[in-house]
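Participant: give the three-dimensional model of this entry:
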Amino acid sequence: QVQLVESGGGLVQAGGSLRLSCAASGRTFSNYAMGWFRQAPGKEREFVATISWSGRSTQYVDSVKGRFTISRDNAKNTVYLQMNGLKPEDTAFYYCAAGTIYDRLRFGAVGSWGQGTQVTVSS
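Facilitator: The predicted structure follows:
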């Protein structure tokens, strides 16, 4: 399995921006589809965004479309989540995920999870 380490979370005011990073190690990064999930207190973990191994295909949950952008740099073994126009309802623990089948990753077909990073958006 690939090992994942997230960074970049923090506290930001509504309307602000953050960029999350997820560094991968252990296996060939470019073999994996990558994604971001989040879990707010008292709620189930939900899919946020996924990106194919090549970076040419992406998917987003409707609530973040137009505000969040997922990208990857296979040379750096890193996937990013640029979050703009943050809202209080974006407050959650954000997890990086890796899977071998892009179309199934958003439905929880995850091979590896990161430890997560907290994002808090104040109103």
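Participant: contacts, neighbours, all on C-alpha from now
Facilitator: Fine.
Participant: tell me the secondary structure at the residue positioned nearest the centre of the chain.
Facilitator: In the chain, the C-alpha nearest the mean C-alpha coordinate belongs to Trp36, at 2.2 Å (CA atoms, centre = their mean). State at Trp36, reduced to three classes by DSSP: H, G, I helix; E, B strand; the rest coil: strand.
Participant: ok, and the closest non-adjacent residue to it?
Facilitator: Excluding the flanking residues, the one nearest Trp36 by CA to CA, 6 or more residues apart in numbering is Cys96, at 4.7 Å.
Participant: strands of the protein, start to end?
Facilitator: Counting by DSSP state E, the chain has strands at residues 3-7, 10-13, 18-25, 33-39, 46-51, 58-60, 68-73, 78-83, 92-99, 112-113, 117-122.
Participant: and the angle from the first one to strand 92-99?
Facilitator: Which is strand 3-7. 150 degrees (axes from the mean of the first three to the mean of the last three CA atoms, to 10 degrees).
Participant: and strand 3-7 with strand 18-25, angle?
Facilitator: Going by the same axes, to 10 degrees, strand 3-7 makes 160 degrees with strand 18-25.
Participant: and strand 3-7, how far from the chain's centre?
Facilitator: 10 Å (CA atoms, centre = their mean, to the nearest Å).
Participant: what residues sit buried inside the lowest-mean-pLDDT helix or strand in the chain?
Facilitator: One helix or strand of the chain scores below all others by mean pLDDT, DSSP states H and E: helix 102-105, with a mean of 94. Neighbour counts over helix 102-105 (16 or more other CA atoms under 10 Å) mark 102-103, 105 as buried.
Participant: on that earlier part again, dump the strands of the chain to CSV, plus mean pLDDT.
Facilitator: Formatted as CSV, those follow (pLDDT from 0 to 100):
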stretch, mean pLDDT
strand 3-7, 97
strand 10-13, 98
strand 18-25, 97
strand 33-39, 98
strand 46-51, 98
strand 58-60, 98
strand 68-73, 98
strand 78-83, 98
strand 92-99, 98
strand 112-113, 96
strand 117-122, 98
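Participant: tell me the contacts of the closest residue to Leu81 other than its chain neighbours?
Facilitator: Once flanking residues are discounted, Leu81 sits nearest to Ile70: 4.6 Å by CA to CA, 6+ apart. Going by CA atoms under 8 Å, 6 or more residues apart in numbering, Ile70 touches 49-51, 58, 79-82.
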